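Undergrad: sequence below, structure please.
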Amino acid sequence: MTENRRTGMVVALGSVAAVLLLFWPIEMPPGDRLYLAAGGSLHVLLFAGLAWIWGWRLPARLRGWGLWGALVVFSGLAELLQPQVGRSAEWMDWFYGAAGAACICASWNGDWLARTRWAGVGILCLVPPAWEGALFLTEMRAFPVLAEPGSVWTERGWTENGVRMISVSGEGFRVEADPVSAGEGTAYPGVFRSTACSDWRGAESLRASLFWPATNQVFFALRVDDRAGNAPYADRFQLEFAVTQGWNSVRVPVEDLRRTSGGRPMDLSSIRHWGVFLVSDSPFDYFLLGSVSLDLLQERP
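TA: From the prediction side, this is the model:
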């Protein structure tokens, strides 16, 4: 096998491996911080690797910013298409991929750049876990606030069911019906969030506010889980409440949270996630979720 054919085989196999990694329907917990950090670092390495193997096959005039532009477009298209195979679109992954490719594409000319390109890639791989760690610590410091519209740390950690959610500062979390999911008849559309601080034993009550724009009355549910996964109704706490047009407030005493709907004692020292979802089978364009927080007792155990 000639050197040219061998190089072409490496490029082909590397490209196929990259496509498989980007589009294989891996089931990961949405919003999981370790998954987000690992995924960001993997995107740095993946697109740095693609820039490396593709660059060797291209003329010198194309292996720099021309190649980088092509990889930026490819990374963006991959993120757009990933929801079609059960993956989530993460625009931070697009950024990490573009940055990883830039480390290679910017270093083809110049010996000192070539010698340090992989050191730059290694440093970039540390950025995703550092960023996720910083957001986690910020959320821990914000406790007993569980979600605050407009705050950076609140952008992470959500799972959406049949909806699309954006945080709008001064308005709330705007939860919009997802036309694709709505067409499939998604039941109980809503949003769910994992907790950074899982110890709720020092809390007195849980508060949430919700805006309903329509004139009809509907029922929502507030859910709290002390176990991972999608626990059945009897194995989680769930409170249903009526919502009318305008802003609505709900307060749940922690005494009520001490038992699941089936009567099992809840482990308030290990709350995994909570969520708000629409129970009524009623079409909607959007609703707003306001700040969600705990009222703490004066002394924590």
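Undergrad: report pLDDT for residue 124.
TA: We have a pLDDT of 92 for residue 124.
Undergrad: now it, nearest residue through space, not along the chain?
TA: In space, and not counting its chain neighbours, residue 124 is closest to residue 44: 4.7 Å by C-beta to C-beta, 6 or more residues apart in numbering. Backbone N, C-alpha and C define where each C-beta goes, glycine included.
Undergrad: now the one you found: how far from residue 85?
TA: Going from residue 44 to residue 85 by C-beta to C-beta, to the nearest Å gives 22 Å.
Undergrad: which one's more surrounded, those two?
TA: More crowded of residue 44 and residue 85, by other C-beta atoms under 10 Å: residue 44, with 27 against 11.
Undergrad: quickly find the element holding the more buried one.
TA: helix 33-57 (DSSP states H and E).
Undergrad: over to residue 66?
TA: Residue 66 is part of helix 65-81, with elements assigned from DSSP H and E.
Undergrad: what's that helix in contact with?
TA: Helix 65-81 has contacts (C-beta atoms under 8 Å, 6 or more residues apart in numbering) with 22-23, 43, 47, 50-51, 54-55, 58, 89-91, 93-94, 97-98, 101-102, 105-106.
Undergrad: among those residues, which ones are buried?
TA: For the contacts of helix 65-81, a burial check counting by 16 or more other C-beta atoms under 10 Å picks out 22, 43, 47, 50-51, 54-55, 90, 93-94, 97-98, 101-102, 105-106.
Undergrad: farthest pair in those residues?
TA: 55 and 90 (25.5 Å; C-beta to C-beta).
Undergrad: the helix or strand harbouring residue 131 packs against which elements?
TA: For residue 131, the host element (DSSP H and E) is helix 127-142. In this structure, helix 127-142 packs against helix 33-57, helix 91-105, with contacts taken as 3 or more C-beta pairs under 8 Å, 6 or more residues apart in numbering; DSSP states H and E.
Undergrad: please repeat the previous calculation with a cut-off of 10 Å.
TA: For helix 127-142, the packing partners by 3 or more C-beta pairs under 10 Å, 6 or more residues apart in numbering; DSSP states H and E come out as helix 33-57, helix 91-105, strand 145-147.
Undergrad: residue ranges in this structure under the pLDDT threshold?
TA: Applying pLDDT under 70 to the chain flags residues 1-8, 10, 27-31, 86, 109-114, 169, 180-186, 298-301.
Undergrad: 50 instead?
TA: 182-184, 299-301 (pLDDT under 50).
Undergrad: distance from the chain centre to stretch 123-134, please.
TA: Counting by C-alpha atoms, centre = their mean, to the nearest Å, stretch 123-134 is centred 15 Å from the centre of its parent chain.
Undergrad: please apply the same query to stretch 190-199.
TA: Distance, stretch centre to chain centre, for stretch 190-199: 12 Å (C-alpha atoms, centre = their mean).
Undergrad: start to end distance for that stretch?
TA: End-to-end distance for stretch 190-199, by C-alpha to C-alpha, to the nearest Å: 24 Å.
Undergrad: buried residues in that stretch?
TA: The neighbour-count check on stretch 190-199 (16+ other C-beta under 10 Å) flags 190, 191, 192, 193, 194, 195, 196, 197 as buried.
Undergrad: just stretch 144-154 next, same as before
TA: Those would be 144, 145, 146, 147, 148, 149, 151, 153, 154, for stretch 144-154 by 16+ other C-beta under 10 Å.
Undergrad: of those residues, which is the nearest to residue 201?
TA: When those are compared for distance to residue 201 (C-beta to C-beta), residue 144 wins out at 11.9 Å.
Undergrad: go ahead and confirm the closest one touches residue 271.
TA: No - Residue 144 is not in contact with residue 271 according to C-beta atoms under 10 Å; the separation is 11.9 Å.
Undergrad: now do the shared contacts for these two.
TA: With contacts taken as C-beta atoms under 10 Å, 6 or more residues apart in numbering, residue 144 and residue 271 have 197, 200, 203, 206, 294 as neighbours in common.
Undergrad: so which pair among these is furthest apart in space?
TA: The span of those, defined through C-beta to C-beta, is set by 197 and 206 at 13.1 Å.
Undergrad: overlap in contacts of the two?
TA: With C-beta under 10 Å, 6+ apart as the test, residue 197 and residue 206 both reach 144, 146, 271, 294.
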